[in-house]
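> from the sequence below, what's the structure:
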Amino acid sequence: MKNQRFPLRAGRSLLAALFISGVSMAIAQTPTPKPVTADDLRKGPVLPSHLHWGYSPKAAPGWRIQKGDTLSLGEGSMPNHSFTFIYVNHSWPRVYMPTNYINGRAVVKELVQTGTKEQGYTMGAILSVGRSKKYFIELENAVNAGELMPPPQIRGTVITSLKPFSIADEIRKLKTLADEGVLTQAEYETAKQKLLTN
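Next up is the predicted model:
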């Protein structure tokens, strides 16, 4: 009788060993979560579950921006130092973040990918400033323009490739949108006046 139990116990031990090694093999093969990058977005939209891992701006290698992070704002890149890439609404006319937030702080409420298959996708975020103010930020452009400051340990690696903000360029973009029928003439004139008076 004892001899009949031994193979059963050995079988259980063998099964347990195989199970444990199988679990460790499965863990070893599970990819480490990595933040979404501009290269990932170039391939198409990413799964919403991947946004939980954060976003790493191409302009600041090694930096991972995640929901809940407190970000340091720099200086606005418009001639009057208003922010070009941080604004209230994502449509025209835009209401840009004012100068009183220069060198301030904002909390990431949500990462948002924007774009279309034809135009490509980019990463933005909804920021909370103060108690109730919410702004949208174009992450790559804001880093490139110095409107969003990476952490001190990353700042030396920032790659800037953005042209300075030009009111004339923005008016040309608005005119194109008006010519294409995206904006009405009244919306075009309002947005143009806002750029010229800021």
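
> could you use CA atoms for every contact and neighbour count after this?
Noted.

> for the longest strand along the chain, which strands pair with it and how are they oriented?
Criterion DSSP state E: the longest strand present in the chain is strand 105-116. Here strand 105-116 has these sheet partners by DSSP bridges: strand 70-73 (antiparallel), strand 120-129 (antiparallel).

> between those strands, which gets the lowest average pLDDT?
Between the strands paired with strand 105-116, the lowest average pLDDT goes to strand 120-129, which shows a mean of 90.

> for Tyr135, report the pLDDT, please.
With respect to pLDDT, Tyr135 has a value of 92.

> oh sorry, the question was meant for Val182
Looking at Val182, its pLDDT is 76.

> now it, what's its secondary structure?
Put simply, Val182 is coil when judged by DSSP: H, G, I helix; E, B strand; the rest coil.

> how many residues are close by it?
Using other Cα atoms under 10 Å, Val182 has 14 other residues around it.

> domains for this protein, by residue range?
The record's domain parsing of the chain by automatic domain parsing lists 1-30, 36-163, 166-198.

> quick one: the longest strand of the chain to chain centroid distance?
5 Å (Cα atoms, centre = their mean, to the nearest Å).

> and stretch 104-115, by the same measure?
For stretch 104-115, the distance to the chain centre is 6 Å (Cα atoms, centre = their mean).

> got it, and stretch 170-183?
26 Å.

> show me what that stretch is in contact with.
Trp92, Thr184, Gln185, Tyr188, Ala191, Lys192, Leu195 (Cα atoms under 8 Å, 6 or more residues apart in numbering).

> swap the cut-off to 7 Å and go again
With contacts defined as Cα atoms under 7 Å, 6 or more residues apart in numbering, stretch 170-183 is touched by Thr184, Gln185, Tyr188, Lys192.

> and those, which are buried?
When the contacts of stretch 170-183 are checked for burial by 16 or more other Cα atoms under 10 Å, the buried set is Tyr188, Lys192.

> from the contacts of stretch 170-183, which ones fall inside helices?
Per DSSP state H, helices hold the following members of these: Gln185, Tyr188, Lys192.

> what's the closest of the residues you listed to Leu148?
Closest approach to Leu148 among these (Cα to Cα): Lys192, at 25.3 Å.

> export the contacts of stretch 170-183 to CSV and append columns for distance to Arg131.
Formatted as CSV, those follow (distance: Cα to Cα, whole Å):
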residue, distance to Arg131
Thr184, 34
Gln185, 35
Tyr188, 32
Lys192, 30
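
> coming back round to it: pick the most buried one from the strands paired with strand 105-116.
Sort the strands paired with strand 105-116 by mean neighbour count, taking mean count of other Cα atoms under 10 Å, and strand 120-129 sits at the top with a mean of 20.

> can you name the next helix or strand after that strand?
strand 133-138 (DSSP states H and E).
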